[in-house]
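Asker: Quick one, structure for this:
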Amino acid sequence: MEQKLVLDLADGQVFRFNKPLHWSSFNLVSKVRTMIRYACGVKKIKIGHAGTLDPLATGVLIVCTGKKTKEIDNFQYQTKEYVAELALGATTPSFDLETEVDATYPTEHITRELVEETLKQFLGEIQQVPPAFSAVKINGKRAYEYARKGQEVEIKPKTLVIDEIELMEYSQTAIKIRVVCSKGTYIRTLVDDIGKKLGCGAVLMELCRTETAGFKLEGCITLEQLEKQPEQLILPAQQAVEQLSSIFVSDAQTRRFLNGGELDFARLKRTDFSESYYKVFGADKFLGIGRADTNSQKVYVECVIAEQD
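Answerer: Here you go, the predicted structure:
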């Protein structure tokens, strides 16, 4: 079933996207933010992603909005699955196609048995040094900033866990593998390490994250779906919160709400505040979502939809 982007402005939402090739994770999130703001008429929306994918990688990217952004760390710490295609017999400084080949090696000695035995050596807990062309911070700068200037810096190894590693396809010059691993694993570095163990070098040609935190690639929203049919993926704000009860406020309370101020229960026409969230209306327009707190006896601004006159 096709996943629908239904924006829950009160509690937030968790979406899974299939990040396209050559797009950064940041650019995809920016695209989604813009489309939600346009479709829902929202001025601001809290949004973020769990687990960055390189521009040359595709696959599952979890995007959270609203209060669900608090769950990003939980998602990031979950196990991930990747499918990677490796070219044997060469190396690059970045371990992938971002940089040019800097050395070539013979592959005549490569056999299926050798590859399978080599892959087994990476199962379990391993020490991995992140690649020089990575976003790891060193002395306040990203590692890739030094690498692109030709400057060498020491990058400390990290302890990671490879739960599964499987040979899916084999030839003397190329292999495809499936990897299930812990947070922080650089598949590019794993590929380079495999190439070293095989004695022929290896370059990551293609990478797809097929699962993360239980979210599988099947059913993920694609960029094409977003661009071709945004009206079917994103519901207008008022429609998305139809199930919420309403609060109607005065002109003075409208101005206060739009400026982020709380509203006292005693000054509102409504007497029942048993629900957590409410649609807030001014004289003639939908203002946004309010959160009722029975302890303080106030309604706080959760999300502002309307522009201030």
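
Asker: Looks like residue 207 contacts residue 58 (just checking).
Answerer: Yes - the criterion here is CB atoms under 8 Å, and residue 207 meets it with residue 58 at 7.3 Å. For every residue, glycine as well, the C-beta is placed using N, CA and C.

Asker: Going by contacts, tell me the helices and strands next to the helix or strand harbouring residue 224.
Answerer: For residue 224, the host element (DSSP states H and E) is helix 223-228. Packing contacts for helix 223-228, counted by 3 or more CB pairs under 8 Å, 6 or more residues apart in numbering; DSSP states H and E, involve helix 25-40.

Asker: following the helix it packs on, which helix or strand shows up next?
Answerer: strand 47-50.

Asker: ok, that following strand: who's next to it in the sheet?
Answerer: strand 57-65 (antiparallel) (DSSP bridges).

Asker: Specify the strand with the largest residue count in the protein.
Answerer: strand 158-170 (DSSP state E).

Asker: Below-threshold pLDDT in the chain: ranges please.
Answerer: For the chain, applying pLDDT under 70 flags the ranges 1-11, 39-41, 133-135, 143, 229-243, 305-309.

Asker: Contact partners for residue 191?
Answerer: Taking CB atoms under 8 Å, 6 or more residues apart in numbering, we find residue 191 in contact with 84, 86, 95-96, 202-204.

Asker: The stretch 51-200 of the chain: helices as residue ranges?
Answerer: For the stretch 51-200 of the chain, the helices defined by DSSP state H, counting those that start in this stretch occupy 72-76, 112-120, 143-147, 187-198.

Asker: got it, and the stretch 201-309 of the chain?
Answerer: 223-228, 230-233, 237-240, 251-258.

Asker: So residue 66 sits against residue 46, correct?
Answerer: Yes - using CB under 8 Å, residue 66 is in contact with residue 46, at 5.7 Å.

Asker: what's the burial count for residue 274?
Answerer: Using other CB atoms under 10 Å, residue 274 is surrounded by 7 other residues.

Asker: Strands along the stretch 201-309 of the chain, start to end?
Answerer: Remark: strands assigned in the stretch 201-309 of the chain by DSSP state E, counting those that start in this stretch are 202-212, 215-216, 245-248, 263-264, 277-281, 286-293, 298-304.

Asker: Now tabulate the ones you listed in a markdown table and tack on distance to residue 105 and mean neighbour count.
Answerer: Below are the strands of the stretch 201-309 of the chain laid out as a markdown table (distance: least, CB to CB, whole Å; neighbours: other CB atoms under 10 Å):
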| stretch | distance to residue 105 | mean neighbour count |
| --- | --- | --- |
| strand 202-212 | 9 | 21 |
| strand 215-216 | 36 | 17 |
| strand 245-248 | 69 | 15 |
| strand 263-264 | 70 | 16 |
| strand 277-281 | 61 | 22 |
| strand 286-293 | 60 | 21 |
| strand 298-304 | 57 | 20 |
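
Asker: before we move on, back to that, overlap in contacts, residue 66 and residue 46.
Answerer: residue 12.

Asker: When the two are compared, which one has more neighbours?
Answerer: Taking neighbours as other CB under 10 Å, residue 66 and residue 46 compare with residue 66 leading, 20 against 14.

Asker: and the nearest residue in space to that one that is not next to it in sequence, what does it touch?
Answerer: With sequence-adjacent residues excluded and distances taken as CB to CB, 6 or more residues apart in numbering, residue 66 is closest to residue 12, at 2.5 Å. Residue 12 makes contacts with 46, 64-69, as judged by CB under 8 Å, 6+ apart.

Asker: Roughly how far does residue 12 sit from residue 244?
Answerer: 14 Å (CB to CB, to the nearest Å).

Asker: So what touches stretch 124-143?
Answerer: With contact meaning CB under 8 Å, 6+ apart, stretch 124-143 is reached by 52, 93-95, 98-99, 144, 146-148, 152-162, 185-186, 188-190, 192-193.

Asker: Recalculate using a threshold of 6 Å.
Answerer: Outside of stretch 124-143, the residues within contact range by CB atoms under 6 Å, 6 or more residues apart in numbering are 94-95, 144, 147, 153, 155, 157-158, 160-161, 186, 188-189.

Asker: Type out the ChimeraX command that picks the buried ones from those.
Answerer: Applying 16 or more other CB atoms under 10 Å to the contacts of stretch 124-143, the buried members can be selected in ChimeraX as follows:
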select :94,95,144,147,155,158,160,186,188,189
